[in-house]
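In: Predicted model follows, preceded by the sequence.
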Amino acid sequence: PEFRFAKMITSLVFRGKSNLMPKNSTHLSKSNSISALFFHSSSFGTLIHRNSSKILSLEHQNLSNRSRKSLDASLNLITKRSVSNSAEVNNGTIDSSLSSSHEKEHKKLSRSLVKVPKGTRDYNPFQMRIREQVFDTIRNCFKRHGAVTIETPVFELKETLTGKYGEESKLIYDLQDQGGELCSLRYDLTVPFARYVAMNREKKIKRYQIGRVYRRDNPVMTKGRYREFYQCDFDVAGIYELMIADSEAVKLMTEILDELQLGSYQVKINHRNLLNGFFDICGVPSDKFRTISSSIDKLDKSPWSEIRKEMVEIKGLDGEIADKIEKYISLKGKPMELLEKVKSEKLLDQSKVALEALNEMETLFKYLEAYECLDKIVFDFSLARGLDYYTGIIYEAVLNGNEGKDIGSIAAGGRYDELIGMFGSESIPSVGFSVGVERIFSLLESRKSEKQESESEILVMSPDKELLIERMKLCNELWKQGFRAQIFPKSKSNMKGQFEFAEKGNIPFGIILSKEDVEKGTVQLKETKVNNKAEVVNREDLAKALKSRLPRFIKQGE
């Protein structure tokens, strides 16, 4: 009750509604308003003083950076004046326990205000375990398709990134001049890859890259949208026959999503020239193709009414043309069925560019059928992909159901035949995709229960404190043989405590070493979570016994 009353009084002061405020306090900042309250009333000062840490931490999150600094500076002043006021109430006797309590609360508040920048996060061991598993799965899929990896700088010359992303360019992080070069943090891995191919004069390369990228976007942490995040990219650069590289890229995307076991999903596919074709048929001016395409790209987040309003009122498109566009973007269905519908109804016959794109899509669908992944494909005329550099097929994967609506696309890509040529070299056709791993991480984290697990498979323990050196020797043998082992970190402990340590760390096996075992050249092998008797194993047979029990080695044997 005391805290609630103190917070109520402070809240009134914050909002300028308390008659406890001095008359000349109208221009005080929020933090100085609190100070004024302490100065004005010693009784209220003592009360709020006891609860200031909680109150300030609640109010702190609602302040601007400038006000936060002022609030923090006032805290020291508040402490001195409130304790002084308390002394007056107590006839000159300062409550030392109150002062000590406030110092502790002040330190606690200071610690609570330590945070990472907006749109970034730390990862605990549970989260890192999920991330490593996902990265390993994706990396293995990339390698299975013969991809090699490269590395590019985390920041590029600003001119390298400028003019490649259309309206998304406003999200690029620019860096301060550090010696004559204007640089920016990379927005994605595709443009740096194109720069790498042009600079190194590569003619053909199938590459993958896993790295951090940066976007000055409004983050939604619960949906896996950050300002700093990882991308996992696969790209094929070089001249190939029509749709051979494209179909492999789409197939690889489905392999990754299948192996990650995310659940039911679909891959939406369209062609940039189909968009341009029906834009032309509808009467969209050619200089508005990109900007109207960018509006359509927002259909997964906003209803058609809002998209139409943006195109007409903000981008100056004629309302009748917008209504014609709606007819085309509503086309969606199974690849071969929709392909036949568009052809039979001659919906794109007025555009040569669109008809060529339609023939390319037919070839793509035949190849995907051969790769046994056509059942996961949806032909969707509303798919736009807002980035300017796409020139051919475009695609993105989304989960079916409510999860898909919540987190958006989990992988996306397309063909970009002109991007490499923008760096002053010859144009090299390219196609690829990126896996949205941060959204996948958020999804998997929500599905799995958090455990303080250890990476260790074996705990080496002993009932005898004199055997610490022997335990170290045995642990060293296990490390040499490729086992993930650790010794119990104390020389003296009862066996119950050692098994509790193993159970808490989720370590599946314990190796018990007694004086008798050392003399006989044996060990005792026991599952830590099963209430059974330990099995005596000869030291030379220990590796074989462990490999027959540990899932990691059993899987390798298969």
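Out: Right, received. Where do you want to start? Numbering: from 1, shown residues only.
In: which residues of the stretch 101-250 of the chain fall in helices?
Out: Using DSSP state H, counting those that start in this stretch, the helices found in the stretch 101-250 of the chain span residues 125-144, 158-161, 190-200, 244-259.
In: looking just at contacts, which helices and strands does the second one meet?
Out: Using 3 or more C-beta pairs under 8 Å, 6 or more residues apart in numbering; DSSP states H and E as the contact criterion, the secondary-structure elements in contact with helix 158-161 are strand 183-185, helix 190-200. C-beta: built from backbone N, CA, C; applies to glycine.
In: element containing Gly510, please.
Out: For Gly510, the host element (DSSP states H and E) is strand 509-512.
In: Quick check: mean pLDDT of that strand?
Out: Strand 509-512 comes out with an average pLDDT of 93.
In: Give me the contacts around the helix or strand just after it.
Out: Moving toward the C-terminus from strand 509-512, the next helix or strand (DSSP H and E) is helix 515-520. When contacts are defined by C-beta atoms under 8 Å, 6 or more residues apart in numbering, helix 515-520 is touched by residues 464, 466-467, 470, 523-524.
In: closest to Ala147 among the residues you listed?
Out: Ala147 lies nearest to Val523 out of the contacts of helix 515-520, by C-beta to C-beta, at 43.8 Å.
In: number of nearby residues for that closest one?
Out: Counted with other C-beta atoms under 10 Å, the neighbours of Val523 add up to 23.
In: Also the one 10 residues further on?
Out: For Lys533, the neighbour count with other C-beta under 10 Å is 8.
In: where exactly do the helices run in the stretch 401-550 of the chain?
Out: Under DSSP H, counting those that start in this stretch, the stretch 401-550 of the chain gives helices at 402-407, 437-447, 468-480, 495-504, 515-520, 542-547.
In: what's His271 sitting at in phi/psi?
Out: Backbone torsions of His271, given as degrees, to the nearest 10, read phi -130, psi 130.
In: ok, now which ones touch it?
Out: Counted by C-beta under 8 Å, 6+ apart, His271 has contacts 357-358, 360-361, 392-394.
In: swap in Leu339?
Out: Counting by C-beta under 8 Å, 6+ apart, Leu339 touches 358, 361-362, 365, 379.
In: and what of Glu396?
Out: Contacts of Glu396 by C-beta under 8 Å, 6+ apart are 267-268, 383, 385, 409, 411-413.
In: what are the pairing partners of the strand holding Gly510, and which direction each?
Out: Here strand 509-512 is paired, per DSSP bridges, with strand 458-461 (parallel), strand 522-527 (antiparallel).
In: Can you say which of those is packed in most?
Out: Mean neighbour count (mean count of other C-beta atoms under 10 Å) peaks for strand 458-461 among the strands paired with strand 509-512, with a mean of 25.
In: contacts for that one?
Out: With C-beta under 8 Å, 6+ apart as the test, strand 458-461 has contacts from 471, 474-475, 478, 483-488, 495, 498-499, 501-502, 505, 507-513, 528, 546.
In: Show me the shaky parts of the stretch 301-450 of the chain.
Out: The stretch 301-450 of the chain contains residues with pLDDT under 70 at 386, 404, 449-450.
In: same question, the chain
Out: If you take pLDDT under 70 as the line, the chain has these spans: 1-112, 222-223, 386, 404, 449-454, 555-558.
In: centroid residue for it?
Out: The centre of the chain sits closest to Glu438, judged by C-alpha atoms, centre = their mean, with a distance of 2.4 Å.
In: how far away is that one from Ser514?
Out: 49 Å (C-beta to C-beta, to the nearest Å).
In: Just the strands from the stretch 151-300 of the chain, written as ranges.
Out: Under the criterion DSSP state E, counting those that start in this stretch, the stretch 151-300 of the chain carries strands at the ranges 155-157, 183-185, 205-214, 228-237, 265-271.
In: And the stretch 351-500 of the chain, by the same measure?
Out: Using DSSP E, counting those that start in this stretch, strands in the stretch 351-500 of the chain cover 377-380, 393-399, 409-415, 430-435, 458-461, 485-487.
In: picking that back up, is it true that the residue nearest to the centre of the chain touches Glu228?
Out: No - in this structure Glu438 lies outside contact range of Glu228 using C-beta atoms under 8 Å: 9.4 Å.
In: which residues sit in contact with Phe279?
Out: By C-beta under 8 Å, 6+ apart, the contact set of Phe279 is 289, 292-293, 325.
In: what's the answer for Val398, then?
Out: By C-beta under 8 Å, 6+ apart, the neighbours of Val398 are 265-266, 268, 300, 404, 408-410.
In: Identify the residues contacting Lys465.
Out: 491-492.
In: Any idea how many residues pack against Ala245?
Out: For Ala245, the neighbour count with other C-beta under 10 Å is 20.
In: wait, isn't it in contact with Phe234?
Out: No - using C-beta under 8 Å as the test, Ala245 is too far from Phe234 to be in contact (10.5 Å).
In: quick one: Glu500 from Leu189, how far?
Out: In this view, Glu500 and Leu189 are 46 Å apart by C-beta to C-beta.
In: And for Asn476?
Out: From Asn476 across to Leu189, the span is 41 Å (C-beta to C-beta).
In: again with Glu455
Out: For Glu455, the distance to Leu189 equals 29 Å [C-beta to C-beta].
In: ok, now which ones touch Gly211?
Out: With contact taken as C-beta under 8 Å, 6+ apart, Gly211 is in contact with 151-152, 154, 189, 230-231.
In: Would you list the buried entries among those residues?
Out: 189, 230-231 (16 or more other C-beta atoms under 10 Å).
In: quick one: which of those is nearest to Met422?
Out: For those, the residue nearest Met422 by C-beta to C-beta is Leu189; the value is 16.2 Å.
In: Now do the residue lying closest to that closest one once chain neighbours are set aside: how many residues are near it, please.
Out: Nearest residue to Leu189, sequence neighbours excluded (C-beta to C-beta, 6 or more residues apart in numbering): Asp233, at 4.3 Å. Residues lying near Asp233 (other C-beta under 10 Å) number 23.
In: my read: Asp233 touches Gln209, true?
Out: Yes - between Asp233 and Gln209 there is a contact under C-beta under 8 Å: 5.0 Å.
In: Between those two, which contacts overlap?
Out: Common neighbours of Asp233 and Gln209, using C-beta under 8 Å, 6+ apart, are 189, 193.
In: circling back to that earlier point, now the strands of the stretch 151-300 of the chain as JSON lines including distance to Trp304?
Out: Formatted as JSON lines, these follow (distance: least, C-beta to C-beta, whole Å):
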{"stretch": "strand 155-157", "distance to Trp304": "37"}
{"stretch": "strand 183-185", "distance to Trp304": "34"}
{"stretch": "strand 205-214", "distance to Trp304": "31"}
{"stretch": "strand 228-237", "distance to Trp304": "29"}
{"stretch": "strand 265-271", "distance to Trp304": "17"}
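In: right, so of those strands, which gets closest to Asn124?
Out: strand 228-237 (16.6 Å).
In: Would you give the sheet partners of that closest one, along with the direction of each?
Out: Applying DSSP bridges, strand 228-237 is found paired with strand 205-214 (antiparallel), strand 430-435 (antiparallel).
In: Deepest in the core, which of these is it.
Out: Across the strands paired with strand 228-237, averaging neighbours per residue (mean count of other C-beta under 10 Å) puts strand 430-435 on top, at a mean of 25.
In: from the chain's centre, how far out does it sit?
Out: Put simply, strand 430-435 sits 18 Å off its chain's centre (C-alpha atoms, centre = their mean, to the nearest Å).
In: Identify the residues contacting it?
Out: Counting by C-beta under 8 Å, 6+ apart, strand 430-435 makes contact with 138, 188-190, 193-194, 197, 231-238, 245-246, 249-250, 252-253, 256, 392-393, 395, 410-417, 419-420, all of which sit outside it.
In: One more pass at 7 Å, please.
Out: Applying C-beta atoms under 7 Å, 6 or more residues apart in numbering, the external contacts of strand 430-435 come out as 138, 188-190, 231-237, 245-246, 249, 253, 256, 411-417, 419-420.
In: will you turn the contacts of Gly211 into TSV that also has distance to Arg129?
Out: Shown next, in TSV, are the contacts of Gly211 (distance: C-beta to C-beta, whole Å):
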residue	distance to Arg129
Glu151	24
Thr152	27
Val154	25
Leu189	24
Tyr230	15
Gln231	20
